Each structure stands twice: as C-alpha cells, then as structure tokens.
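Student: pasting the structure only:
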C-alpha cells in the first residue's frame, strides 16, 4: 500500500483545494453553515465538523459546521440547509444519497464540495471536487481524506487574513432582469404537489409559486427547471433507473 | 458586509496582505495551492518516517492482535475530538472492511447516551474506563488514539484495559506523552511532530497498517 503513503498532491488537486477553501471562507464570512456528510464513513463527517467548530489551533475562529448522520440524509439535509450554506460530502461517486443531495443543492442555494476516491463524479456534479483517483476501496481508511479536509481547514483560515477578498462579488446577480439568469432555467425542487396549474417550488432565491402546466403532474421532491416563473422541464434523476 | 475592524488605518502598510481593499484573488489562490502541496509533502514525509519508526511495533501488535482475534477477542477503540473520529474509522475498518474478514470492533464514542450518562454521573475522565469494566474481557484489545498521549480519560481507559488483561495499544504524537512511559501501554506508536493535523494523518495510516498486518497474520481459529 505504498501508493497511499506517497500520494502526491498534484497541481490540479492543490488548485481545487485552494478554490474550495476560498469559497468556504467567503461562505462563512457571509454567514454560511457547513453541513458535513459521509454516509459510508460517518466519522469523516464528524471529523470535519469538529475541526471547524473547535479548532486545534488556539485563537482560530470557531465556525458553524455540523455533521449530518443517520438515516434519510436527503430529508435531513433538505430541512437543514439554507440558501448560502455549504454542503461537504465524503463519499464515492456511486453514493446514491450524496448524489441526490448534490443534485438538489443548487435548488437549495448551497455551495457543494465533494471529497472522494476512485471513479470521479460526472463533471459539474459538485461546485468543488477534491478527488483521490486511486481506485483502492481501502483509501477512505488510510488518512488521505483526513489530509484533504485538514488542508481545507488550514487554507480556509489563511483566507480570513484577506478580508478584502471575502466580500460578495459585485458582479453577482442581484435582480430579476439579470441577463445570466433570464437566459437559462434555474433549478427548483417541488415543495408541494401542483394544484390548478401551479406548485410551490424551492429555488436558491426561496420558495416561489411556479406554473407547472408544461410538466404536470409534479410531486414533492421532484426537480424542475424554472424559467420566468414557469417550470419548463423536469430534471431526470438518473439514480434508481 | 461590514468592513473588518481597522481597515484603512494608517498602519495598513505594515500588513500588506491584511487589506480590505484587496480585490484580485489570483495571488492568494496561487499561494494556497503552493501551501497545500508543501503541506502534503510534509505529511507524506512524516507518514513514511512514522511507518519506518513503528515497523517493530506494527509487527508485534499485528501478531498479538491477530492471535487474540483468532481466539475470539474483540477490539475497542477510543479517543477525544478528531481522534475519536479516527478511532471510529479504525473500528469501522475492522468491523466493516472493504475486503477481507470482518472482525468484532467498536468505537467507545459511538453511543451518545452512554457517553453523556457516564460524563454526567461519574465524570468525563471515566467515560472509557467504565465502558471497559462493563464490556472488556481478558482476551480483548484496546486502542487509544491521542495526539498528546496524555488525556486523562484515555490513560484511565488504558489502565482499566490493562488491569483486565486486555492488550493495549496507544497512538500518540509530540514526544509520546504519558502513553510512551506508561506500563499500561503494551505498544505505543509515537508520531514525532508538533502539528495535530500531521500527527492525525500519520496515525490514520498507522491504524490502517495495523489492520493490514492483522490480516497478513490471519485471524482464523487454530
């Protein structure tokens, strides 16, 4: 198992770690809570949470981080996550619960970080993918993930020394006539079933009433693409097919 | 977003990076990536040195643990904070391995009711010792994971384990703390570092290697 000891952090992974840490620092500065998941190796979720809440270096800021464990993680994450929060998962690309949560995160307004090993999740499955490409199923127990989330914590705290970079991006979309948003659909998750052609739908902006005539019938939990107050298509859930 | 305290003060020139006016994140991102690579090299170097220094201990502990598992022995792991989660990962590796035989192993921090009942009623120092009084037998194994090697609840747990005839393994950092000098610890692994994070990364690999060594010996009843 020498591969585990000698695992180098290549340019790509170190750049991914830097970008993820910067996103975390910006999120925390804006009031985010970090929700940690690791369905197959729950102690990793707890290790991340305790790292951020109770730093090993005295004097570093305690940050809001919570491990989500137990059954029905999708439901637990759904009631826990608020817009602007961060979801970090330690899981293989095949983990059905984590896939379902990552797919919904844009509708909840959450930034996502996915740590894992083996086959990578598909492109775009999370905002930040921190991956060890080694296919060995024993990798989660060798300390490789521990190194990654320790670095995430260490780099996040370096970012706090740069307050000027942590304020919200002035170019960010803030109104309804934003060209970026009006050109494409936003992801939404159905909150209550459609009635007389409309449904309550959760998006990154909050819960809104959306016309569902084009996509009916819709059920709670279903994902939709919302464009100008109208659900224009349903989003296929590839798991379970 | 409120401005950080002190932004724009006349002393800002003394701290070029503590600057509320900084706008371009690229230099920071490049620094962060370089820092991540340097820390990873440091971690890998320490892990390699730790495995080399611990080779005899791994061989001895692996053989004795394999013998005990073969005879029906069970493993109890424990630690505080981040180390408790690493102890949890180690117990999971033994009990639900990705490959190979599953062996009876538990983390003693897994049950909140027991942990809080003991912490509240008899004091936190005894949260592990009291569980071992209830569950530990002479043929069993105790693994305590710590960075300081001196946490009172862990030393109390190891003392109780030893008293009951269990085989005791201690993971420590820095100079080994009390674990290194204690007669309650049969084998002590010391990760020679001053960084809690780098110590834990090496301890995770030591734990993994201990599991691998146990399986090299085999755990079938003879």
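Tutor: Everything's here; your move. What you are looking at is a predicted structure, and each value in this text was computed from that prediction instead of being measured.
Student: CA only for contacts and neighbour counts going forward, please
Tutor: OK.
Student: determine the longest helix present in chain B.
Tutor: helix B:26-53 (DSSP state H).
Student: neighbours around the closest residue to chain B within chain A, how many?
Tutor: Nearest residue of chain A to chain B: residue A:164, at 3.7 Å (C-alpha to the nearest C-alpha). Around residue A:164 there are 21 other residues, counting by other C-alpha atoms under 10 Å in any protein chain shown.
Student: with residue B:113 instead?
Tutor: 10.
Student: ok so, going back, how far away is the residue of chain A closest to chain B from residue A:153?
Tutor: As judged by C-alpha to C-alpha, to the nearest Å, residue A:164 and residue A:153 stand 19 Å apart.
Student: then residue A:161?
Tutor: For residue A:161 relative to residue A:153 (C-alpha to C-alpha), the value is 13 Å.
Student: try residue A:25
Tutor: According to C-alpha to C-alpha, residue A:25 and residue A:153 sit 9 Å apart.
Student: more crowded one of these two?
Tutor: A count of neighbours by other C-alpha under 10 Å puts residue A:25 above the other of residue A:25 and residue A:153, at 28 against 18.
Student: the more buried one reaches residue A:154, doesn't it?
Tutor: No: counting by C-alpha atoms under 8 Å, no contact exists between residue A:25 and residue A:154, whose distance comes to 10.8 Å.
Student: anything in the longest helix along chain A near chain B?
Tutor: Ranked by number of residues, the top helix in chain A under DSSP H is helix A:11-29. Yes: applying C-alpha under 8 Å from any C-alpha of the partner chain, one finds helix A:11-29 in contact with chain B at A:11, A:14, A:15, A:17, A:18, A:19, A:22.
Student: against residue B:221, how distant is the first one?
Tutor: In this case it means residue A:11. 48 Å.
Student: do the same with the third one
Tutor: Shown here: residue A:15 relative to residue B:221, a distance of 50 Å by C-alpha to C-alpha.
Student: quick check: next helix or strand after the worst-scoring helix or strand of chain A on mean pLDDT?
Tutor: Sorting the helices and strands of chain A by mean pLDDT, DSSP states H and E puts helix A:179-183 at the bottom, at a mean of 51. Going down the chain from helix A:179-183, the next helix or strand is strand A:186-195, by DSSP states H and E.
Student: how far off centre is that following strand?
Tutor: Between the centre of strand A:186-195 and the centre of its chain there are 20 Å (C-alpha atoms, centre = their mean, to the nearest Å).
Student: how many neighbours does the closest residue to residue B:127 other than its chain neighbours have?
Tutor: Nearest residue to residue B:127, sequence neighbours excluded (C-alpha to C-alpha, 6 or more residues apart in numbering or on different chains): residue B:118, at 5.4 Å. Using other C-alpha under 10 Å, residue B:118 has 19 other residues around it.
Student: check residue B:133 too.
Tutor: Residues near residue B:133, counting by other C-alpha under 10 Å, number 14.
Student: go on, residue A:122?
Tutor: 9.
Student: between helix B:26-53 and the strand or helix carrying residue B:190, find me the angle.
Tutor: In this structure, residue B:190 sits in strand B:187-191 according to DSSP H and E. Interaxial angle, strand B:187-191 versus helix B:26-53 (axes from the mean of the first three to the mean of the last three C-alpha atoms, to 10 degrees): 150 degrees.
Student: distance between strand B:187-191 and the chain's centre?
Tutor: 11 Å.
Student: check stretch A:62-70 too.
Tutor: For stretch A:62-70 - counting by C-alpha atoms, centre = their mean - the centre lies 14 Å from the chain centre.
Student: and the contacts of that stretch?
Tutor: Residues outside stretch A:62-70 that contact it (C-alpha atoms under 8 Å, 6 or more residues apart in numbering or on different chains): A:28, A:32-39, A:42, A:45-46, A:48-50, A:52-55, A:76-77.
Student: assign residue B:169 to helix, strand or coil.
Tutor: strand (DSSP: H, G, I helix; E, B strand; the rest coil).
Student: buried sites along the helix or strand where residue B:58 lies?
Tutor: Using DSSP H and E, residue B:58 falls within helix B:55-70. Neighbour-count burial for helix B:55-70 flags B:55, B:57-58, B:60-70 (criterion: 16 or more other C-alpha atoms under 10 Å in any protein chain shown).
Student: report the contact partners of the residue nearest the centre of chain A.
Tutor: Centroid-nearest residue in chain A: residue A:112, 2.0 Å away (criterion: C-alpha atoms, centre = their mean). Going by C-alpha under 8 Å, 6+ apart, residue A:112 touches A:86, A:87, A:88, A:89, A:102, A:105, A:126, A:127, A:128.
Student: what is the nearest of these to residue A:237?
Tutor: residue A:102 (11.5 Å; C-alpha to C-alpha).
Student: so what's the residue count around the closest one?
Tutor: 25.
Student: kindly report the same for the one 5 residues further on.
Tutor: When counting by other C-alpha under 10 Å, one arrives at 24 neighbours for residue A:107.
Student: isn't it right up against residue A:187?
Tutor: Yes: using C-alpha under 8 Å, residue A:107 is in contact with residue A:187, at 5.0 Å.
Student: joint contacts of the two?
Tutor: A:203, A:204.
Student: where along chain B do the strands fall?
Tutor: Assigned by DSSP state E, chain B shows strands spanning B:75-79, B:105-107, B:141-145, B:167-173, B:187-191.
Student: off-centre distance for the fourth one?
Tutor: Using C-alpha atoms, centre = their mean, we find the averaged C-alpha position of strand B:167-173 to lie 9 Å away from the chain's own average C-alpha position.
Student: cool, and stretch B:32-43?
Tutor: 22 Å.
Student: buried ones in it?
Tutor: Of all the residues in stretch B:32-43, those buried under the rule 16+ other C-alpha under 10 Å are B:32, B:33, B:34, B:35, B:36, B:37, B:39, B:40, B:41, B:43.
Student: from these, pick the one nearest residue B:146.
Tutor: residue B:43 (17.5 Å).
Student: who's in contact with that closest one?
Tutor: Per C-alpha under 8 Å, 6+ apart, neighbours of residue B:43: A:147, B:198, B:201, B:202.
Student: in these, which residue is surrounded by the most others?
Tutor: residue B:202 (32 neighbours).
Student: give me the nearest residue to that one, chain neighbours excluded.
Tutor: Using C-alpha to C-alpha, 6+ apart, the closest residue to residue B:202 is residue B:47 (4.8 Å).
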